[in-house]
Structure formats: structure tokens, C-alpha cells
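J.: sharing a model prediction with you, sequence too.
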Amino acid sequence: MHRQPPRQSFDRVLSSMCTQPHPAARAAAADFYASNPGDPETYQSIAKLEARAVSLLGSVVGDRSIDGYITSGGTESNIQAVRAARNSHPSTTPNVVAPETAHFSFSKAAEVLSVELRTVPVDETYRADIDATAAAIDANTALVVGIAGTTEHGRVDPIPELCELAHDTGARMHVDAAWGGFVLPFTSFEWSFADAPVDSMTIDPHKFGQAVVPAGGLLVRDRSLLDALATETPYLESTTQASLTGTRSGAGVASAVAAMEALWPEGYCETYERTMAIAERLADALDNRGFDTVEPHLPLVTASIPRSLFLSLREAGWRIATTAAGALRVVCMPHVTEATIDAFLADLDRLR
Ligand SMILES: *Cc1c(COP(=O)(O)O)cnc(C)c1O
């Protein structure tokens with residue numbers, strides 16, 4: 001008899017930026033496993049759904065008129081944002097300026113695309129430093145990157161100020177909201193297309209969007225940035241393709257639409273409020289126990305705990321991670337509940 005391996009359990013997963021997909025997203029994915037939005041003239045229903053996905057993302061990011069496509073994830077979106085900026089900038093030695101908190105996908109982008117990546121120190125609140133960023137920008141800067149929800153501390157960079165710096169020297173401005181994009185609409189942070197004339201953005205339905213993997217988003221304010229990515233496509237009915245990959249997941253696209261139709265905006269708002277309350281409670285609990293804790297701005301908590309305790313918790317089955325500096329990092333995704341945190345703290349008290 002055919003035995004199915006057990007499905008991934010999210011019970012003790014505190015380290016991941018992915019989560020349990022919404023039931024509607026799971027069902028929609030199953031309907032579109034065998035379709036390919038990379039070939040829109042052949043697979044016309046998924047092509048329509050992709051346009052719908054981009055338009056729904058437009059609502060989330062505060063500008064219904066944006067353009068874009070559904071990528072394989074934040075990495076592809078960031079690579080493509082760097083590529084679009086590079087291709088539409090006159091410099092023969094282009095550079096990208098990003099805070100040191102930028103996701104490692106920008107290192108991959110720089111290497112693949114042969115652009116120089118200039119990383120800039122952040123301030124004491126872990127946010128991009130405007131003066132340091134200004135000093136790193138020059139006439140060869142094709143792209144300035146700001147992060148709305150950093151991977152390590154969940155911080156939001158000063159996007160409007162970075163945007164101004166970028167545009168003053170003819171660079172493009174990219175916001176990486178891969179993780180934060182579906183919670184930020186319910187905060188008072190300035191991060192979206194509505195807050196500043198951002199040129200491109202990464203926002204991943206397969207993280208807080210609760211779609212299945214793989215579903216990322218690359219959004220652009222101006223269609224010309226997508227044109228800067230176009231490759232001619234002989235033997236397809238469509239004549240050009242902007243995506244980096246060829247055959248793409250129809251499951252990701254259909255699930256992104258289903259998740260957003262089910263959850264935008266009330267469901268995502270409720271998720272934000274619930275996960276943020278959990279993050280605050282966990283941060284208080286860690287702080288009360290004497291661990292040096294960084295106050296959460298988004299549903300993500302970091303705290304310095306002894307390495308031995310970290311290893312004991314992993315041993316006890318907790319899927320936890322550390323920051324580059326070695327602090328415990330807990331991502332409060334939608335599958336994390338009050339009960340999860342109670343059980344985690346009970347184990348922590350028992351093991352310390
Ligand atoms: C997760 C993440 C990425 C990378 O996204 P993938 O979907 O893993 O490729 C990029 N930037 C930020 C800020 C992220 O949190």
C-alpha cells in the first residue's frame with residue numbers, strides 16, 4: 001500500500017516566515033497544479049487569475065494601478081527588481097545601496113547580475129541610517145533598497161526619506177516587504193506605494209499572505225520597469241516574458257488569489273492584531289525573565305538567551321532560529337497561538 005509521509009506540523013515552528021496556508025488557498029492550489037502562467041496564451045484561465053492577483057496586491061499596497069507578476073518568492077522578486085533597475089540605468093558600473101539588514105537575496109542578485117552591492121550600517125534602532133545611505137549613493141547608483149519588515153528584527157526603514165534620496169540622484173527605489181507586506185497595512189508605518197513614490201516592491205503571498213509555496217510578488221509603479229525585464233520568446237504565442245523563471249506554478253498564483261479574496265482586509269487585520277499581541281506577550285515574558293529583549297514593531301521577537309538554553313529548546317522539539325548575532329528569533333506567524341507560547345515558556349522555564 002502507498003504510505004503518505006506525514007504532513008508538516010506547525011505546532012512547534014517558531015523560526016519560519018511561512019505558515020499553514022488558508023484552506024481556500026490549499027483548495028485553489030490543487031485545482032491549478034498543472035497550469036503554467038509562464039505560457040499565458042495556452043493557459044488562459046491562470047493568466048486571468050494572475051492579473052487578479054496583481055490587482056488584489058495593488059489594494060494591499062495602496063495603489064490599484066500598479067503592475068507586476070507572481071514570482072517564485074522574495075528572492076526572485078528582489079533579483080528582478082535589481083535587474084530592472086540595472087537595465088534601465090545608463091551606468092556601465094552600476095551599484096545597489098541597501099542597509100546591512102537587507103535579506104541575503106540581494107547578495108545573490110548582485111552576484112548574478114554583476115552589480116556592486118553597497119551595504120550601509122543601520123542606526124541603533126536597527127533601521128536604515130539616512131546620512132550613511134546618502135554617503136553611499138553616487139551617480140552609478142541604480143537602486144536604493146529599503147526594507148519594510150526586516151528579516152531579523154521586523155523593522156521598517158524610513159521609506160519616504162530613502163525614496164527622496166534615490167530619486168534625487170536618478171536611482172530607483174525598491175521596498176522589500178516580502179514578509180511584512182500583509183501586516184503593514186494595519187500599522188501606522190509609512191511603507192507603501194501610497195506613502196511614497198516607490199518604484200518597485202517585493203511582497204510575498206506565501207508568507208503572511210497565507211498562500212501556498214511558491215507565491216511571491218513583484219510590483220512596479222510604472223510598466224516600463226517590467227519592459228526592462230522583457231525577453232523575446234520564440235515558440236510561445238506571447239512574444240515576450242518578464243519573469244525570471246519560465247514555467248511557473250499555477251498553484252501559487254491561484255492560491256494567492258484565493259487567500260487574498262478570503263482574507264483581505266478583515267482576515268489579515270485580525271491576523272495582525274492576534275499575532276502582534278502574541279509577540280508583545282512573548283517579549284514581556286522574556287524581558288521579565290531577565291533576557292535582553294528587542295521590543296517588537298511587527299510580530300517578531302528577538303532576545304539574547306544562553307546558547308545552551310537555545311540548544312536544549314531545540315532538543316525539546318522547538319523549531320527556533322537565531323539572528324546573525326546569536327539572539328533567539330521567534331516569528332509569530334498565523335499558526336502561532338497563545339497556547340504555543342505558553343508551552344514554549346513552560347519548556348524554557350523547565351530547561352533554564
Ligand atoms: C523571506 C524574505 C525574502 C526572501 O523570500 P523567499 O520567498 O524566501 O525567496 C526576502 N526579503 C525579506 C525581507 C524576507 O523576509
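T.: Looks like it came in fine. Because the structure is a prediction, the values reported are computed rather than measured.
J.: enumerate the residues of the stretch 201-350 of the chain near the ligand.
T.: Residues of the stretch 201-350 of the chain lying close to the ligand by C-beta under 6 Å from any ligand atom are Asp204, Gly216. Every residue, glycine included, has its C-beta placed from N, CA and C.
J.: isn't Thr233 right up against Gln241?
T.: Yes. If you go by C-beta atoms under 8 Å, Thr233 and Gln241 touch, sitting 4.9 Å apart.
J.: these two: which is more packed in?
T.: Looking at Thr233 and Gln241 with other C-beta atoms under 10 Å, you find the greater number of neighbours at Gln241, namely 19 against 14.
J.: correct me, but the more buried one touches Asp227?
T.: No. Gln241 is not in contact with Asp227 according to C-beta under 8 Å; the separation is 11.6 Å.
J.: what strands line up against the longest strand along the chain, and which way round?
T.: Scanning the chain for the longest strand, with DSSP state E as the assignment, gives strand 141-147. Here strand 141-147 is paired, per DSSP bridges, with strand 95-99 (parallel), strand 172-176 (parallel).
J.: pick the most deeply packed of these.
T.: Among those, strand 172-176 has the highest mean neighbour count (mean count of other C-beta atoms under 10 Å), at a mean of 30.
J.: CA atoms only: put that strand into CSV for me.
T.: In CSV, the C-alpha atoms belonging to strand 172-176 read as follows (Å, rounded to 0.1, in the frame of the first residue of the first chain):
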residue,chain,number,x,y,z
ARG,A,172,15.1,53.7,-8.5
MET,A,173,13.6,53.0,-5.1
HIS,A,174,12.7,49.4,-4.1
VAL,A,175,10.8,48.3,-1.0
ASP,A,176,11.3,44.8,0.3
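J.: what lines up beside whichever helix or strand comes after that strand in the sheet?
T.: Next along the chain after strand 172-176, taking DSSP states H and E as the criterion, comes strand 200-202. Applying DSSP bridges to the sheet, strand 200-202 is found paired with strand 172-176 (parallel), strand 216-220 (antiparallel).
J.: which other residues reach the last one?
T.: Contacts to strand 216-220, defined as C-beta atoms under 8 Å, 6 or more residues apart in numbering, come from residues 53-54, 57-58, 61, 66-77, 80-81, 84, 178, 181, 193, 199-206, 226, 252, 256.
J.: quick one: low-confidence parts of this structure?
T.: Filtered on pLDDT under 70, the chain yields the residue ranges 1-2.
J.: quickly list the domain ranges of it.
T.: For the chain, automatic domain parsing gives the domain ranges 23-263, 266-351.
J.: and the first one, how far from the chain's centre?
T.: Meaning domain 23-263. 8 Å (C-alpha atoms, centre = their mean, to the nearest Å).
J.: CA atoms only: put stretch 26-33 into PDB for me.
T.: Output in PDB follows, covering the C-alpha atoms of stretch 26-33 (Å, rounded to 0.1, in the frame of the first residue of the first chain):
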ATOM      1  CA  ARG A  26      -4.900  24.900  -0.400                       C
ATOM      2  CA  ALA A  27      -8.000  24.000  -2.400                       C
ATOM      3  CA  ALA A  28      -7.300  26.600  -5.200                       C
ATOM      4  CA  ALA A  29      -3.700  25.300  -5.500                       C
ATOM      5  CA  ALA A  30      -4.900  21.800  -6.000                       C
ATOM      6  CA  ASP A  31      -7.000  22.900  -9.000                       C
ATOM      7  CA  PHE A  32      -4.100  24.600 -10.800                       C
ATOM      8  CA  TYR A  33      -1.100  22.300 -10.200                       C
END
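J.: list the buried ones in that stretch?
T.: In terms of neighbour count (16 or more other C-beta atoms under 10 Å), stretch 26-33 has its buried residues at Arg26, Ala28, Ala29, Phe32.
J.: please, which helix or strand holds the second one?
T.: Which is Ala28. Element membership of Ala28, judged by DSSP H and E, is helix 23-31.
J.: I'd like to know which elements the next helix-or-strand element following that helix is packed against.
T.: Next along the chain after helix 23-31, taking DSSP H and E as the criterion, comes helix 44-60. Judged by 3 or more C-beta pairs under 8 Å, 6 or more residues apart in numbering; DSSP states H and E, the packing partners of helix 44-60 are strand 67-71, strand 216-220, helix 250-263.
J.: looking at those, which is closest to Ala321?
T.: Set against Ala321 and scored by C-beta to C-beta, the helices and strands packed on helix 44-60 come closest in strand 216-220, at 20.6 Å.
J.: how big is the angle separating that closest one from helix 250-263?
T.: Per axes from the mean of the first three to the mean of the last three C-alpha atoms, to 10 degrees, the angle that strand 216-220 makes with helix 250-263 is 80 degrees.
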